[in-house]
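**Q** The following block contains a protein sequence and its predicted model.
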Amino acid sequence: MPMETADLIVVGAGQGGIPLAVDFANDGKRVVLFERKHIGGTCVNVGCTPSKAFLASAHNAGRARAAAGVGVHCDVRIDVPFVMRRVNDIRREWREGAEKHLRDAGVRVVMSEARFVGERTLEGGGIAVHAPLVLLDTGTSPACPPIDGLESVPYYTNETFFDLTDLPKRFAVIGGGYIGLELGQGLRRLGCDVTVLETGKRLIPREDADATEVLAGALRDDGIDLRIGRQASCVRHGDQLSLHLDDDTEIEVDAILVAAGRTPNTDVLDCAKSHVELDARGFVKTDAHLRTTCEGVFALGEVAGQPAFTHVSWEDYRRVKAVIAGGTRTKDDRVLAYCTFTEPQLGRVGANEEEARRNGHDVRVVTYQLEDDARGTEWNLQRGFYRLVVDAKSDAILGATLVGYEAGEFVHTILAHMEAGSTWRVLERSVHIHPTFNEGLPTLARKLL
Ligand SMILES: Cc1cc2nc3c(=O)[nH]c(=O)nc-3n(C[C@H](O)[C@H](O)[C@H](O)COP(=O)(O)OP(=O)(O)OC[C@H]3O[C@@H](n4cnc5c(N)ncnc54)[C@H](O)[C@@H]3O)c2cc1C
């Protein structure tokens with residue numbers, strides 16, 4: 001196979017790989033990008049974009065039903081084929097946009113799996129390319145839990161779920177993390193019977209226990225059968241698809257959605273050929289600047305073990321670009337926020353109390369219940385609370401957990417304060433508009449006075 005050369009090789013057209021490839025190509029550099037499936041990676045094709053388009057329909061249905069609480073009675077009818085067509089139209093539009101972006105910049109896209117065949121040298125799609133710079137943005141794939149019989153039945157993951165054109169009636173969702181909860185609630189609100197199985201003692205264990213309790217209550221009120229602390233011991237597929245649980249109960253379903261963790265896409269990369277080391281779980285080892293153990297090879301996003309969010313992968317690209325240009329940015333020189341897009345949402349920024357104490361802070365923690373909130377009461381949206389964690393000595397804001405209606409939006413107020421290095425005292429004296437949910441944030445800070 002003839003050897004070609006480039007200035008940059010990108011493996012994986014995810015959220016960090018595309019912009020770096022485009023920037024280099026726009027600078028007149030020769031860029032080769034390998035992608036084995038879809039341009040746009042997980043987010044655009046099988047992650048954020050389709051899941052949030054799906055939830056837009058589901059949550060509108062949920063809100064229409066909840067409107068009875070303010071005296072508005074809706075007859076909710078769901079056009080599932082329309083919902084799924086819309087999901088697919090949106091992701092196709094975004095994917096085509098990303099493809100055009102790469103084409104317009106002059107990136108050479110090779111639609112093939114790539115693997116290392118030497119130092120900074122990759123092969124795929126019938127070509128071998130060497131470059132002084134390589135970026136690995138290969139992401140992760142859904143993990144399959146070791147449940148007897150699961151491998152031999154047809155089950156869905158996020159990779160296949162959004163291809164559905166209609167929805168089976170009864171779903172078991174394996175996994176009570178944010179993906180399982182979002183899609184589980186979405187399915188329920190669109191008319192399916194849903195059982196969610198979570199093996200842990202509670203949902204989303206990295207969050208405060210009472211925050212996950214609020215979510216659990218909301219999901220149960222929606223009619224989801226939540227089985228927490230339970231796991232399927234085997235799956236049977238005779239005339240009927242069924243799961244046998246470890247408490248000896250049996251659930252009959254029409255479909256199974258597996259959302260039980262992720263595994264890094266490094267199995268086929270043959271990283272050793274380029275002296276790129278992996279950690280014990282198969283993620284690419286990187287230093288603080290996202291450099292791998294091979295000079296000139298960088299990794300970012302999920303495959304580098306970074307927090308599994310699109311905004312992290314995209315932000316990583318800006319760091320890699322700066323580091324290549326001689327800068328010193330590090331992979332976590334930012335305040336991290338994220339959201340679970342259930343209803344209510346769980347918006348989180350920085351540390352919770354447990355993490356802050358683990359990091360050696362002397363903390364103060366205050367909580368404000370939305371049942372005491374004017375906007376919450378007026379709009380019948382009182383489920384949830386806002387919590388602030390601050391450093392007792394410096395008054396710095398260390399983090400917040402906001403559970404409630406559109407809490408993922410309001411958490412940015414706290415993020416801005418944290419990025420600006422302000423204190424809870426600045427938040428406390430800020431006069432927010434009455435009656436907004438955001439008004440609850442200075443009220444929360446006032447509890448520290
Ligand atoms: C259902 C779901 C919902 C989500 N919702 C959100 C959300 O609301 N907000 C949010 O911030 N995050 C969300 N995420 C997470 C987000 O999608 C990911 O964190 C993000 O896409 C990771 O980007 P990445 O750049 O690390 O890799 P990816 O986007 O996964 O890109 C990796 C690419 O590499 C390709 N690839 C892998 N191996 C090779 C190889 N050897 N050769 C060539 N190509 C290869 C893959 O095909 C893929 O296209 C969600 C994820 C899922 C599954």
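**A** Cool, got the structure.
**Q** going forward, measure contacts and count neighbours with C-alpha atoms only.
**A** Will do.
**Q** Spell out which parts of the protein neighbour the ligand.
**A** Within the chain, the residues that sit near the ligand (CA under 6 Å from any ligand atom) are 11-16, 34-39, 41-43, 47-48, 51, 112-115, 137-140, 158, 179, 265, 268-269, 301-303, 308-311, 313.
**Q** Any of those buried? List them.
**A** Using 16 or more other CA atoms under 10 Å as the burial test, those include 11-16, 34-36, 38-39, 41-43, 47-48, 51, 112-115, 137-140, 158, 179, 265, 269, 301-303, 308-311, 313 as buried.
**Q** Filter those down to just the ones in strands.
**A** Judged by DSSP state E, these include 11, 34, 115, 140 as members of strands.
**Q** buried sites along stretch 256-268?
**A** By 16+ other CA under 10 Å, the buried positions in stretch 256-268 come out as 256, 257, 258, 259, 260, 261, 263, 264, 265, 266.
**Q** Columns pLDDT on top of these, output as TSV?
**A** Below are the buried residues of stretch 256-268 laid out as TSV (pLDDT from 0 to 100):
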residue	pLDDT
256	96
257	98
258	97
259	97
260	95
261	94
263	97
264	98
265	98
266	98
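**Q** of all the residues you listed, which two lie farthest apart?
**A** Using CA to CA, the pair of the buried residues of stretch 256-268 lying farthest apart is 256 and 266, separated by 26.4 Å.
**Q** For the stretch 201-350 of the chain, give me the ranges with low pLDDT.
**A** By pLDDT under 70, the stretch 201-350 of the chain contains no weakly predicted segment.
**Q** mind listing the helices for it?
**A** For the stretch 201-350 of the chain, the helices defined by DSSP state H, counting those that start in this stretch occupy 209-222, 310-324.
**Q** and the shortest one, how far from the chain's centre?
**A** Mean C-alpha position of helix 209-222 versus that of the full chain (CA atoms, centre = their mean, to the nearest Å) differs by 19 Å.
**Q** which helix is the longest one in this structure?
**A** Ranked by residue count and defined by DSSP state H, the top helix of the chain is helix 80-105.
**Q** Averaged pLDDT, that helix. What do you get?
**A** The average pLDDT for helix 80-105 rounds to 98.
**Q** Tell me which other helices or strands that helix touches.
**A** helix 17-26, helix 41-46, helix 48-66 (3 or more CA pairs under 8 Å, 6 or more residues apart in numbering; DSSP states H and E).
**Q** what's the angle from it to helix 48-66?
**A** Here helix 80-105 runs at an angle of 150 degrees relative to helix 48-66 (axes from the mean of the first three to the mean of the last three CA atoms, to 10 degrees).
**Q** Now mean pLDDT too, for the helices and strands packed on helix 80-105, in JSON lines please.
**A** Formatted as JSON lines, these follow (pLDDT from 0 to 100):
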{"stretch": "helix 17-26", "mean pLDDT": "98"}
{"stretch": "helix 41-46", "mean pLDDT": "98"}
{"stretch": "helix 48-66", "mean pLDDT": "98"}
